[in-house]
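K.L.:
Sequence unavailable; structure follows:
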């Protein structure tokens, strides 16, 4: 765990979002932020729609990045990317050495997810990865009292809160994810839209 | 001209950069900024490598954007995009109603440009557009004394300076262009690199 983890104002954070499901391959976009206000780099990779390669692709994208050594934490927008491509956050943490914070605008409906997974021959495997991501906690961000929901790997709740407060300066969603979303939708659709 | 132009701290600026020349079609990326510190949207379009459609594509991209009414000024990184696709900044100003500021890290070598244009059957037309962009002025940005070079359409020098000082907070290049460059290189190459 993160016993000596220290949240500096310019802590380097990688926020990852995916783009619209237009093709078999779905673009994922990573933004490297210093704290909440300075974007330092942009990463891009592709995962398979409804595939199971999201974890591996993210690990490779991060390890190949020249920002890898400076990064301190990864932020994800939920754990399903590109349809039902579920991210194993424990493995992402283990393979990159970087703690993972998962942010959700609403609490996932596990009944619905479970039943959707019945359509996958490897639905059981995906369900295990989802359960492994652990307890979902509700967090009220300082901003406007809007609750968000979080999961985590390799980091204490107190540090998650610090990082979220530091970076949620424009909306209830931390800047690395808000901007990754703008880029992913803007590039694939021609103009950014909606919320991360 | 901009007799009643007022530079507010949150003035909406569109910065446009192009990406690497990998294909016949070259991606251009627009970032919508509020002043120097808040990215509000991302636009994407394509121009033809060495074509003459950059002005028209930019006009369409801007007019179709839901940010159009809020935008107050356009920033360009030089006036040649996607190889030798030259932007007619007077026309861009006229067609969008938005003043244009062109930023360059170094003073263009017109001898070299002129001679490169000899390889184009419509080199004379491109040369006219380049000359029409007007006088190049040197500007020392507050930041670290690094000079940049500018051209403009539809805006006074005093307002250009105000906008550049407001937005050049991370480097000698204004944020809308610095971030457009990070996105354009990151998306096409997999990881952002170099300077706008």
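P.N.:
In hand now; what should we look at? Quick caveat: nothing in here was measured; it's all calculated off a predicted structure.
K.L.:
what's residue A:173 in contact with, if anything?
P.N.:
Residues near residue A:173 by CB atoms under 8 Å, 6 or more residues apart in numbering or on different chains: A:103, A:105, A:148, A:181, A:195, A:196. C-beta here means a position set from N, CA and C on the backbone, and glycine is covered the same way.
K.L.:
And those, which is closest to chain B?
P.N.:
residue A:181 (9.4 Å; CB to the nearest CB).
K.L.:
Verify the assumption that that closest one is located in a strand.
P.N.:
No. With DSSP: H, G, I helix; E, B strand; the rest coil as the criterion, residue A:181 is located in helix rather than a strand.
K.L.:
Please list the outside residues in contact with the host helix or strand of residue A:131.
P.N.:
Secondary structure from DSSP states H and E places residue A:131 in helix A:123-132. Residues external to helix A:123-132 that are found in contact with it (CB under 8 Å, 6+ apart): A:52, A:79-80, A:84, A:86-90, A:110, A:113-114, A:117, A:120.
K.L.:
Name the member of these with the most neighbours.
P.N.:
residue A:87 (27 neighbours; other CB atoms under 10 Å in any protein chain shown).
K.L.:
got a list of what the residue sitting furthest away from the middle of chain A touches?
P.N.:
Farthest-out residue of chain A from its mean C-alpha position, per CA atoms, centre = their mean: residue A:121, at 25.4 Å. For residue A:121, no residue meets the contact criterion (CB under 8 Å, 6+ apart).
K.L.:
and what of residue A:27?
P.N.:
Taking CB under 8 Å, 6+ apart as the test, what residue A:27 contacts is A:18, A:19, A:44, A:45, A:46, A:184, A:187, A:188, B:187.
K.L.:
Residue B:170: which of these is nearest?
P.N.:
Residue B:170 has its nearest neighbour among the contacts of residue A:27 in residue B:187, at 20.0 Å by CB to CB.
K.L.:
so that closest one is in which element?
P.N.:
helix B:175-189.
K.L.:
Please name every helix or strand in contact with that helix.
P.N.:
Here helix B:175-189 is seen to pack against strand A:25-34, strand A:38-48, helix A:175-189, strand B:12-18, strand B:25-34, strand B:71-77 when contacts are counted using 3 or more CB pairs under 8 Å, 6 or more residues apart in numbering or on different chains; DSSP states H and E.
K.L.:
any chance of those in CSV, with mean pLDDT and distance to residue A:68 too?
P.N.:
Output for the helices and strands packed on helix B:175-189, formatted as CSV (pLDDT from 0 to 100; distance: least, CB to CB, whole Å):
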stretch, mean pLDDT, distance to residue A:68
strand A:25-34, 98, 10
strand A:38-48, 97, 10
helix A:175-189, 97, 16
strand B:12-18, 98, 25
strand B:25-34, 97, 24
strand B:71-77, 98, 28
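K.L.:
and chain A, which of its residues are near chain B?
P.N.:
A:27, A:29, A:37-45, A:61, A:64-66, A:170, A:179, A:182-183, A:185-192 (CB under 8 Å from any CB of the partner chain).
K.L.:
Now restrict the residues you listed to buried residues only.
P.N.:
Buried members of the residues of chain A next to chain B, scored by 16 or more other CB atoms under 10 Å in any protein chain shown, are A:27, A:29, A:37-45, A:61, A:65, A:170, A:179, A:182-183, A:185-192.
K.L.:
sorry, back to before: pLDDT of the helix holding residue A:131, averaged?
P.N.:
Averaged across helix A:123-132, pLDDT comes to 95.
K.L.:
buried sites along that helix?
P.N.:
Buried residues in helix A:123-132, counted by 16+ other CB under 10 Å: A:123, A:126, A:127, A:129, A:130.
K.L.:
same question, stretch A:152-166
P.N.:
For stretch A:152-166, by 16+ other CB under 10 Å, it's A:152, A:153, A:154, A:155, A:159, A:160, A:161, A:163, A:164, A:165, A:166.
K.L.:
Sweet, I'm off.
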